[in-house]
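**Q** Sharing a model prediction with you, sequence too.
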Amino acid sequence: MLKMVLFKSFYMSREWRLWAWGGLLLLVIFLAISVRISVFLNEWYRDFYDIIQKPEDHSMTDFWYQIRIFAYVVFPLIAISTAANWFNRIYVLRWRQAINYAYIPLWREVDEEIEGSSQRIQEDTYRFGRIVEKLFLDVVRALFTLVAFIPILWGLSKEVSLPVVEIFSGSLVWVALFISLGGLTISWLVSWKLPLLEYNNQKVEAAYRKELVYGEDNKKDYAAQPKLFELFTGIRFNYQQLFLHTAYYDIWYIFFSQTVILLPLVLIAPALFAGTVTLGVLIQVSNAFDKVYGSFAVILDNWITITELRSIFKRLREFESNLPQRK
């Protein structure tokens with residue numbers, strides 16, 4: 001039975017347990033601080049743009065006061081984000097080390113090699129750890145953001161004055177949810193061939209790289225020009241298929257993303273022109289909607305990355321299934 005060394009070697013190991021769980025907790029704390037600052041900035045946008053809209057009611061002193069507040073908040077955020085990014089990279093490196101140290105003794109006992117074993121140990125383990133850790137933190141950030149911003153956006157929904165939409169309590173929150181679910185469904189349909197193409201891409205790349213590596217030491221028996229050209233033809237064909245289907249997805253995703261940017265502005269614009277809301281409220285609604293929608297759409301925004309992860313996960317599962325099983 002497959003043991004999933006990928007996770008057990010890091011999160012269930014005494015040697016790595018402190019790094020695995022302690023480091024994860026530290027990264028989550030960084031996220032919580034970042035989200036809290038985002039909530040503060042959302043309120044700051046309202047006050048700042050109200051000054052911009054009605055300069056006759058304010059002075060330059062008010063303007064520079066808001067700028068100072070922004071600096072007091074953003075400069076610490078830069079330091080926190082830099083520290084978080086640095087630790088994030090170290091964390092993934094430690095995970096990769098744990099997986100490699102667990103794989104290598106098992107791999108050395110294998111009698112029949114599976115295709116691309118060296119690549120799966122050296123490259124796929126790092127890519128797997130990097131992507132999984134990124135997706136996990138993105139999901140945690142999305143959850144924190146939803147907890148912080150749904151009440152804000154729910155309260156701002158009362159400013160919507162469009163027919164039908166305005167009768168629903170918290171209308172902006174529901175619009176963000178439904179739009180993200182619809183976008184995810186269409187994205188899945190548009191990109192359903194990508195995981196297999198990514199998987200095949202790794203296979204043809206591994207075969208080409210293997211022939212080149214053998215040719216470094218023995219060009220007499222390996223790396224003949226016809227053989228390399230044949231292998232590269234396979235790479236070119238697979239990449240062309242991959243790029244074509246990625247282009248289909250890009251057309252859809254870019255169109256959808258640009259449309260969503262305008263959506264909160266369209267919903268709140270009637271109230272702005274009616275004079276019932278200020279520019280500051282409009283900006284605050286746009287920012288809050290972007291946060292809530294972005295959190296609901298965290299899977300959609302990472303869809304290509306998830307596709308890549310699925311292909312890597314399949315390769316590593318195949319690799320583990322070829323390893324001797326130990327209790």
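**A** Nice, thanks for sending it over. Because the structure is predicted, anything quoted here is derived from the model rather than measured.
**Q** same for the helix or strand where residue 33 lies, what does it pack against?
**A** Per DSSP states H and E, residue 33 falls inside helix 23-53. Counting contacts by 3 or more C-beta pairs under 8 Å, 6 or more residues apart in numbering; DSSP states H and E, helix 23-53 is packed against helix 60-107, helix 125-156, helix 279-296. Placement of C-beta: from N, CA and C, glycine included.
**Q** Relative to residue 236, which of those helices is closest?
**A** helix 125-156 (22.3 Å; C-beta to C-beta).
**Q** and the next element down the chain from that closest one?
**A** helix 171-190.
**Q** Now residue 15. Its backbone dihedrals?
**A** Here is the backbone geometry of residue 15 (degrees, to the nearest 10): phi -60, psi -40.
**Q** what's around the residue nearest to it when sequence neighbours are not counted, how many residues?
**A** Excluding its sequence neighbours, the residue lying closest to residue 15 (C-beta to C-beta, 6 or more residues apart in numbering) is residue 98, at 7.7 Å. By other C-beta atoms under 10 Å, the residues close to residue 98 number 24.
**Q** related to what we said a few turns ago, can you tell me which of the helices and strands packed on helix 23-53 is most buried?
**A** helix 279-296 (a mean of 23; mean count of other C-beta atoms under 10 Å).
**Q** Remind me what that helix packs against, helices and strands.
**A** helix 23-53, helix 125-156, helix 171-190, helix 225-273.
**Q** May I see the ones you listed arranged in JSON lines, with distance to residue 294 and mean pLDDT as well?
**A** Shown next, in JSON lines, are the helices and strands packed on helix 279-296 (distance: least, C-beta to C-beta, whole Å; pLDDT from 0 to 100):
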{"stretch": "helix 23-53", "distance to residue 294": "11", "mean pLDDT": "90"}
{"stretch": "helix 125-156", "distance to residue 294": "7", "mean pLDDT": "90"}
{"stretch": "helix 171-190", "distance to residue 294": "9", "mean pLDDT": "86"}
{"stretch": "helix 225-273", "distance to residue 294": "9", "mean pLDDT": "86"}
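**Q** Would you mind telling me which of those helices is nearest residue 7?
**A** Nearest of the helices and strands packed on helix 279-296 (C-beta to C-beta): helix 125-156, 8.9 Å.
**Q** and residue 179, how many neighbours?
**A** 19.
**Q** re earlier: the residue nearest to residue 15 contacts residue 9, doesn't it?
**A** Yes. Counting by C-beta atoms under 8 Å, residue 98 does reach residue 9; the two are 4.6 Å apart.
**Q** which residues are in contact with both of those two?
**A** The contact sets of residue 98 and residue 9 overlap at residue 16 (C-beta atoms under 8 Å, 6 or more residues apart in numbering).
**Q** quick revisit: tell me the spacing between the residue nearest to residue 15 and residue 16.
**A** 5 Å (C-beta to C-beta, to the nearest Å).
**Q** can you check residue 134 too?
**A** Look at residue 134 and residue 16: by C-beta to C-beta, they are 19 Å apart.
**Q** Just list the residues touching the residue nearest to residue 145 when sequence neighbours are not counted, thanks.
**A** With sequence-adjacent residues excluded and distances taken as C-beta to C-beta, 6+ apart, residue 145 is closest to residue 295, at 4.4 Å. Neighbouring residues of residue 295 by C-beta under 8 Å, 6+ apart: 141-143, 145-146, 149.
**Q** repeat that for 7 Å
**A** Counting by C-beta atoms under 7 Å, 6 or more residues apart in numbering, residue 295 touches 142, 145-146.
**Q** I'd like those laid out as JSON lines, including distance to residue 288.
**A** Below are the contacts of residue 295 laid out as JSON lines (distance: C-beta to C-beta, whole Å):
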{"residue": "142", "distance to residue 288": "14"}
{"residue": "145", "distance to residue 288": "10"}
{"residue": "146", "distance to residue 288": "11"}
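**Q** tell me which of those residues is nearest to residue 194?
**A** residue 142 (22.5 Å).
**Q** Contacts made by stretch 27-44 with the rest, please.
**A** 66, 69-70, 73, 77, 80-81, 84, 87-88, 91, 137, 140-141, 144-145, 148-149, 152, 284, 287-288, 291.
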